[in-house]
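In: Turn this into a model:
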Amino acid sequence: MKRLAGFGSIMYCILFPLALGSLVAWPLSVLVIPLIVLRILEEERFPRENLAGYSEYCQKTRYRLLPSIW
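Out: Numbering: from 1, shown residues only. Prediction:
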């Protein structure tokens, strides 16, 4: 569920300023996306270290956020 929240946050950062018609805010909101990606990567680290079998799951399921992308 957190992965969907991460994807939703990224889409929100890209599309919300455009929906409001604020092209000035769009480049600023896109700068937030790397922070969201870092948060997702940090959240992936915890189960890899503490959950048995999660590393094998990650190798088997390569794309967990977006199919064929990430």
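In: drop to CA atoms for contacts and neighbour counts, all remaining ones
Out: Noted.
In: And the helices in the protein?
Out: For the chain, the helices defined by DSSP state H occupy 2-20, 25-30, 33-50, 54-60.
In: would a markdown table of these with mean neighbour count be doable?
Out: What follows is the helices of the chain, written out as a markdown table (neighbours: other CA atoms under 10 Å):
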| stretch | mean neighbour count |
| --- | --- |
| helix 2-20 | 15 |
| helix 25-30 | 15 |
| helix 33-50 | 13 |
| helix 54-60 | 12 |
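In: Would you mind putting those into JSON lines with mean pLDDT alongside?
Out: Output for those, formatted as JSON lines (pLDDT from 0 to 100):
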{"stretch": "helix 2-20", "mean pLDDT": "77"}
{"stretch": "helix 25-30", "mean pLDDT": "82"}
{"stretch": "helix 33-50", "mean pLDDT": "85"}
{"stretch": "helix 54-60", "mean pLDDT": "84"}
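In: what about stretch 25-42, how long is it end to end?
Out: This stretch, stretch 25-42, spans 27 Å end to end (CA to CA, to the nearest Å).
In: How about stretch 19-34?
Out: End-to-end for stretch 19-34, by CA to CA: 21 Å.
In: what's next to that stretch, contact-wise?
Out: The set of residues external to stretch 19-34 that reach it, using CA atoms under 8 Å, 6 or more residues apart in numbering, is 10, 13-14, 17-18.
In: Let's have the residues you listed in JSON lines, adding distance to P47.
Out: Below are the contacts of stretch 19-34 laid out as JSON lines (distance: CA to CA, whole Å):
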{"residue": "I10", "distance to P47": "22"}
{"residue": "C13", "distance to P47": "27"}
{"residue": "I14", "distance to P47": "29"}
{"residue": "P17", "distance to P47": "34"}
{"residue": "L18", "distance to P47": "35"}
